[in-house]
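Undergrad: I would like to see how this sequence folds:
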Amino acid sequence: MKSFDSFLSRDFVHPDTLVGALFYALFFLIGAYGVATLIRKAIHRFVARQSSQNKMLMDRTLVQFLGELAQVAVYILAFVIYAHVIPALDHLGTTLLASVSIASVVIGLAAQQALSNLIAGISLLLYRPFRLGDRLTVTVPGGVDTGWVESLDLGYTVLRTADNRQILVPNSVIASQTTINVSSRNQTATVSVAVKLSPKADLEQARTLLEELGGSHTKPPAKCSCHVTAIATSSVELTLTVPCEGPEAVPSVKSDLLREIKQRFDAEGIDFN
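TA: Okay, the predicted model is just below:
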């Protein structure tokens, strides 16, 4: 009992002393950091578990954004409790109350951009013009760039480009500018290749080969359409239509198809015009 009384008599357990105030500040800081870390790990585990099961009870963007807000709320709550524990802060608050109007203006101006980004981030979650993994085209200082949405934080939307560059766009900017969502998830694209053949060529053989070559470029492999689109005295035109993953894949797929058609038709003896 004496040892406990001597422990209570020490300065660092009394909040009205400088040592005590520093002790409680460290205590609340460590506590807030620990709780925020637990929240962050819980969010990561929840997202990973739902992703592995291929089902999301909540939108992943919303879950991560709420996790960020919860961590900020933990630090704010810790500071509020700390301010009530330390008696000296009550006197400090009374002193600052006389200049609260000036302080509010200064803080408001200083935090204007941060608050704007926060409010814009909340509006992006409410209206959901895009989600994590979507591919966006945005206007940046260097021009127009395209990238996949990697994260949506309290202040910034992070995009990852095809060449592994990271684009940080303030939420207030991406919410106010015209943004094109070119995600291939809800968008279809097709490649059309026209081939002109000699009138003496076997059209059925040519159609079969074209559909076979086109099907090899679809995921999963699928039957492509090939129709006669023009007839002239010196040629017959066949047009092959192939679905592909997205608009960005059209040039490479078309180039590969043209090369493979030339090689295969030469090997089979089918004459071009």
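
Undergrad: what does Arg131 show for phi and psi?
TA: phi -130, psi 170 (degrees, to the nearest 10).

Undergrad: in stretch 260-272, what counts as buried?
TA: Neighbour counts over stretch 260-272 (16 or more other Cβ atoms under 10 Å) mark Glu260, Ile261, Phe265, Ile270 as buried. Quick note: C-beta positions are derived from backbone N, CA and C, even for glycine.

Undergrad: and the second one, how close does it get to Glu212?
TA: Between Ile261 and Glu212 the distance is 11 Å, computed by Cβ to Cβ, to the nearest Å.

Undergrad: now swap in Leu168 and tell me
TA: 46 Å.

Undergrad: one more: Asp202?
TA: The value you get for Asp202 to Glu212, if Cβ to Cβ is used, is 14 Å.

Undergrad: likewise for Asn171?
TA: For Asn171, the distance to Glu212 - Cβ to Cβ - is 49 Å.

Undergrad: for the two, indicate the residue with more neighbours.
TA: Asn171 (23 against 15; other Cβ atoms under 10 Å).

Undergrad: all strands of this protein, in order?
TA: 135-140, 143-152, 156-160, 166-170, 180-181, 189-197, 225-231, 236-244 (DSSP state E).

Undergrad: okay, now the nearest residue to Leu238 once chain neighbours are set aside: neighbour count?
TA: Nearest non-adjacent residue to Leu238, counting by Cβ to Cβ, 6 or more residues apart in numbering: Val195, 5.0 Å away. Val195 has 24 neighbouring residues, counting by other Cβ under 10 Å.

Undergrad: low pLDDT regions in the stretch 51-200 of the chain?
TA: Along the stretch 51-200 of the chain, segments meeting pLDDT under 70 span 51-62, 88-112, 114, 184-188.

Undergrad: which stretches of it form helices?
TA: All helices of the stretch 51-200 of the chain, identified by DSSP state H, counting those that start in this stretch, fall at 60-85, 87-97, 100-110, 112-127, 171-176.

Undergrad: just checking, what packs against the first one?
TA: So the one you mean is helix 60-85. When contacts are defined as 3 or more Cβ pairs under 8 Å, 6 or more residues apart in numbering; DSSP states H and E, helix 60-85 sits against helix 18-52, helix 87-97, helix 112-127, strand 143-152.

Undergrad: mind checking which of these is nearest Val191?
TA: Of all these, it is strand 143-152 that lies closest to Val191, at 19.7 Å by Cβ to Cβ.

Undergrad: residues of the closest one that come out buried?
TA: So for strand 143-152, counting by 16+ other Cβ under 10 Å, buried means Asp145, Gly147, Val149, Leu152.

Undergrad: tell me the one of those nearest Ser116?
TA: Leu152 (15.3 Å).

Undergrad: beta-bridge partners for that closest one, please?
TA: For Leu152, the beta-bridge partners are Thr157 (DSSP bridges).

Undergrad: show me the contacts for it.
TA: When the contact criterion is Cβ atoms under 8 Å, 6 or more residues apart in numbering, the partners of Leu152 are Thr61, Gln64, Phe65, Gly121, Leu124, Leu125, Leu132, Val158, Asn171.

Undergrad: and the gap between it and Thr241?
TA: Distance of Leu152 to Thr241, computed by Cβ to Cβ: 37 Å.

Undergrad: nothing else from me, thank you.
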